[in-house]
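[1] I would like the atomic coordinates for the input below:
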Amino acid sequence: MAVLYYDLSEQFLASGLKFKYYGISRTVMEVGYELALSHADVRFVIFSPAHERFFEITPRIGAESPTGILDPGLPPEATPIRMRYTFPKPNKLRDLLYPFAVWVARMINLRRWRSVPEGTAREVDLNGQTLVSLGRPKIMADYLTASARAGVRIKLNPLLHDMIPIYEFAHSSQTMFCNNFTHDNHIVIKGSERLLTNSVFTKDEIERFSASGHLPAVPDVVPVPLSHELRPTDEPVVQRGPSEPYVLCVGILTGRKNLECVMEALLHLHETGRKVPPLVLAGAQRKRTDSYLEQDRFDPIRARINIITNPNQAELRSLYEGALALAIPSRMEGWGLPLGEALWLGTPGLASTEALALKEVGGDLAQYFDPNAPEALAALIDDLQSNPEGYAALKTRIAASKGDLRTWKDVAEGILAATGTTRGL
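    Residues are numbered from 1 along each chain as shown. Okay, the predicted model is just below:
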């Protein structure tokens, strides 16, 4: 049976806990957990910027992990400082001073590495080996660059989550982040054996950007759609939603995530004399969101707004279960975990028609609206809360379809099949 190395560098560089509920980190953990339980020969590795090499580690899984799912099993004190290995464009002053900054960071990282217990991390040679990574492209670009300098050629199989920053770059929003993201994806694509994607939509986007010249020529691109499953955990539930049914939004901001549509929909309900349900905004606290919500025009519905900051997985599960519906008004998504999780728990999902990947997640179970027409979202919300028979029938239909939804085990199996490692777990 062929060996597959699975990359936990995403968790190592984020200390595994700080970004515990961040979508990509969640995906790395969930798939890693299923691979750890599989019959495939899967070995777990992290890239150490201190050594510019890979190390094999034995992850903690399930109840043994502070994440409740999976983590690299390394002390947080070992978390390294990350320094970019390459840049999109030359800069004389930066290029003169940067090597010294890298040297300083490396010395700090070597000192931090001393906190790793002896025997916990074992150096491994990945030359000619298959490596699967579900992390961010910037991390992959770093270790591909370092490995190439050392003459190590990895058979990288990355799962790419979206091309949204490249879309913004292509439409003249040329921020530093967009430039760096595009640059990193160039390195990853050129250094990959094949590409995996989290949806058919992302596959199509990558191939479209390759054809337009925004990305290089691509190898085979294999979609491995993500999961609907929300795994139960033993975490304490401290933060809860309102006692009456509410509209839930998970991780939405102004702009692409389109919080504006939800707020305008609730205002529309108020202005037309219809019931305004409570709104729960769950996720990281953002200053731009706070500033947006402080507008005087939202005073009529301000008492209906509830903010749940950084809910843990058990709290998130409770929020889904108590919601009238989940609203996801995004203009673009690579997949859309909250929509899948809501459906998994039997909660209706109201999804944007503009974010095409959401149709892959929601299928015929979700209800769809034009994200440029808040009154359309308002009408869906009003129907759910004013038509109890129809609402009950919708909930019954969603619950009956749970067996057709994707699990994290399905995702792991898809990755093993795509890489030719094995076809069974």
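
[2] count of neighbours near G363?
    Residue neighbour count, defined by other C-beta atoms under 10 Å, stands at 12 for G363. (Glycine included, C-beta is placed from N, CA and C.)

[3] Tell me if E389 really is in a strand.
    No. E389 is assigned helix when assessed by DSSP: H, G, I helix; E, B strand; the rest coil, not a strand.

[4] what about it, how many neighbours?
    7.

[5] distance of it from V276?
    When distance is defined by C-beta to C-beta, to the nearest Å, E389 is 22 Å away from V276.

[6] likewise N258?
    According to C-beta to C-beta, N258 and V276 sit 19 Å apart.

[7] These two: which is more packed in?
    Between N258 and V276, counting by other C-beta under 10 Å, N258 is the more crowded of the two (26 against 21).

[8] need the contact list for the nearest residue to the more buried one once chain neighbours are set aside.
    Nearest non-adjacent residue to N258, counting by C-beta to C-beta, 6 or more residues apart in numbering: P329, 4.1 Å away. Contact analysis of P329 by C-beta atoms under 8 Å, 6 or more residues apart in numbering lists 252, 257-259, 261-262, 352, 369, 371, 377.

[9] From what I see, P216 and I189 are in contact.
    Yes. In this structure, P216 is within contact of I189 by C-beta atoms under 8 Å, at 5.4 Å.

[10] Common neighbours of the two, please.
    S210.

[11] And those two? Which one has more around it.
    Neighbour tally, P216 and I189, criterion other C-beta under 10 Å: the higher count belongs to I189, 22 against 13.

[12] can you give me the strands for the stretch 51-200 of the chain?
    53-57, 60-61, 70-71, 121-123, 130-133, 155-160, 195-197 (DSSP state E, counting those that start in this stretch).

[13] and what of the stretch 251-400 of the chain?
    279-283, 305-309, 323-328, 349-352, 367-369.

[14] Would you format the ones you listed as JSON lines with mean pLDDT included?
    As requested, the strands of the stretch 251-400 of the chain are exported to JSON lines (pLDDT from 0 to 100):
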{"stretch": "strand 279-283", "mean pLDDT": "96"}
{"stretch": "strand 305-309", "mean pLDDT": "95"}
{"stretch": "strand 323-328", "mean pLDDT": "98"}
{"stretch": "strand 349-352", "mean pLDDT": "98"}
{"stretch": "strand 367-369", "mean pLDDT": "98"}
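
[15] So which of the contacts of P329 are in helices?
    259, 261-262, 377 (DSSP state H).

[16] Any figure for the gap between A40 and V188?
    Counting by C-beta to C-beta, the gap from A40 to V188 is 24 Å.

[17] same thing with T27?
    On the measure of C-beta to C-beta, T27 and V188 end up 16 Å apart.

[18] K257 now?
    K257 is 25 Å from V188, by C-beta to C-beta.

[19] what do you get for G283?
    27 Å.

[20] try E375
    42 Å.

[21] Likewise for S48?
    In terms of C-beta to C-beta, S48 sits 19 Å off from V188.

[22] residues touching S115, list them.
    75, 77-78.

[23] residue boundaries of the helices in the stretch 1-150 of the chain?
    9-13, 23-37, 92-113, 137-149 (DSSP state H, counting those that start in this stretch).

[24] closest one to A323 among these?
    helix 23-37 (19.1 Å; C-beta to C-beta).

[25] Tabulate the CA atom coordinates of that closest one in PDB.
    Extracted as PDB, the C-alpha positions of helix 23-37 are listed here (Å, rounded to 0.1, in the frame of the first residue of the first chain):
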ATOM      1  CA  GLY A  23     -12.700  27.100   8.000                       C
ATOM      2  CA  ILE A  24      -9.400  25.900   6.500                       C
ATOM      3  CA  SER A  25      -8.100  24.800   9.900                       C
ATOM      4  CA  ARG A  26     -11.300  23.000  10.600                       C
ATOM      5  CA  THR A  27     -11.000  21.200   7.300                       C
ATOM      6  CA  VAL A  28      -7.400  20.200   8.000                       C
ATOM      7  CA  MET A  29      -8.400  18.800  11.400                       C
ATOM      8  CA  GLU A  30     -11.500  16.900  10.200                       C
ATOM      9  CA  VAL A  31     -10.000  15.200   7.200                       C
ATOM     10  CA  GLY A  32      -6.800  14.400   9.300                       C
ATOM     11  CA  TYR A  33      -9.000  12.800  11.900                       C
ATOM     12  CA  GLU A  34     -10.700  10.500   9.300                       C
ATOM     13  CA  LEU A  35      -7.400   9.600   7.700                       C
ATOM     14  CA  ALA A  36      -5.900   8.800  11.100                       C
ATOM     15  CA  LEU A  37      -8.700   6.300  11.600                       C
END
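
[26] mind listing the helices for the stretch 151-300 of the chain?
    164-170, 176-190, 200-212, 259-271, 287-293.

[27] Nearest to L365, out of those?
    Nearest to L365, of all the helices of the stretch 151-300 of the chain, is helix 200-212, at 17.6 Å by C-beta to C-beta.

[28] so the closest one versus helix 176-190, what angle?
    Relative orientation of helix 200-212 versus helix 176-190 (axes from the mean of the first three to the mean of the last three C-alpha atoms, to 10 degrees): 90 degrees.

[29] Can you name the residues in contact with helix 200-212?
    Contacts of helix 200-212 (C-beta under 8 Å, 6+ apart): 160-163, 166-167, 170, 189, 195, 197, 215-218, 221-223, 225, 334-335, 356-357, 360.
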